[in-house]
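Chemist: Here's my sequence, what's the structure:
(one chain, ligands or ions: 1)
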Amino acid sequence: MADVVKKACDVKIRRGSKKVACGKDVPNNEPTSVTIGTTKYVMDLCEEHQGALMSALEPYTSVASDVLQRRGNVVRKAIQGKRGAFTTKDVRNWLKQQGREVTETGRLPNDLIQEYVEAHQ
Ligand SMILES: [Zn+2]
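Modeler: The predicted model follows:
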């Protein structure tokens, strides 16, 4: 096996009066990448500095997961407001009655939920 060059964290930290590279191991030698818009930033970060990056981004990443969750819930919410709550079990049962293939577990695709919703309007 060829020797793998171990990547080291590039983050500059203050040591005394000068700044030096952190130099800690990069987990799995995998660079960390962050994409903002069309710009991709690739960095060699140790575990500690990955954590620091994540906590610096936390105010924004927490918004991102909220957005994802909201999008997933839009269809459910829309109908819950109008017709009261239904469960994924209701949707699965209905889909089965329609002779459709449905998985017993896992997330139901929104388009199937949408079909259920439209059929029950
Ligand atoms: Zn580091």
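
Chemist: Regarding residue 71, what is its secondary structure?
Modeler: helix (DSSP: H, G, I helix; E, B strand; the rest coil).

Chemist: pLDDT value on it, please?
Modeler: You'll see residue 71 listed with a pLDDT of 70.

Chemist: can you count the residues close to residue 68?
Modeler: Residue 68 sits with 10 neighbouring residues when counted by other Cβ atoms under 10 Å. Bear in mind the C-beta positions are built from the backbone N, C-alpha and C, glycine included.

Chemist: Is it correct that it falls within a strand?
Modeler: No: the assignment for residue 68, made by three-state DSSP, is helix rather than a strand.

Chemist: for the chain, what spans make up the strands?
Modeler: Counting by DSSP state E, the chain has strands at residues 12-15, 18-21, 32-36, 39-43.

Chemist: per-residue confidence for residue 74?
Modeler: Listed pLDDT for residue 74 reads 61.

Chemist: do residue 113 as well
Modeler: 84.

Chemist: How is the chain divided into domains?
Modeler: The chain breaks down by automatic domain parsing into domains covering 1-55, 70-121.

Chemist: want to throw the strands of the chain into TSV with distance to residue 98 and mean neighbour count?
Modeler: What follows is the strands of the chain, written out as TSV (distance: least, Cβ to Cβ, whole Å; neighbours: other Cβ atoms under 10 Å):
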stretch	distance to residue 98	mean neighbour count
strand 12-15	61	10
strand 18-21	61	10
strand 32-36	40	11
strand 39-43	44	10
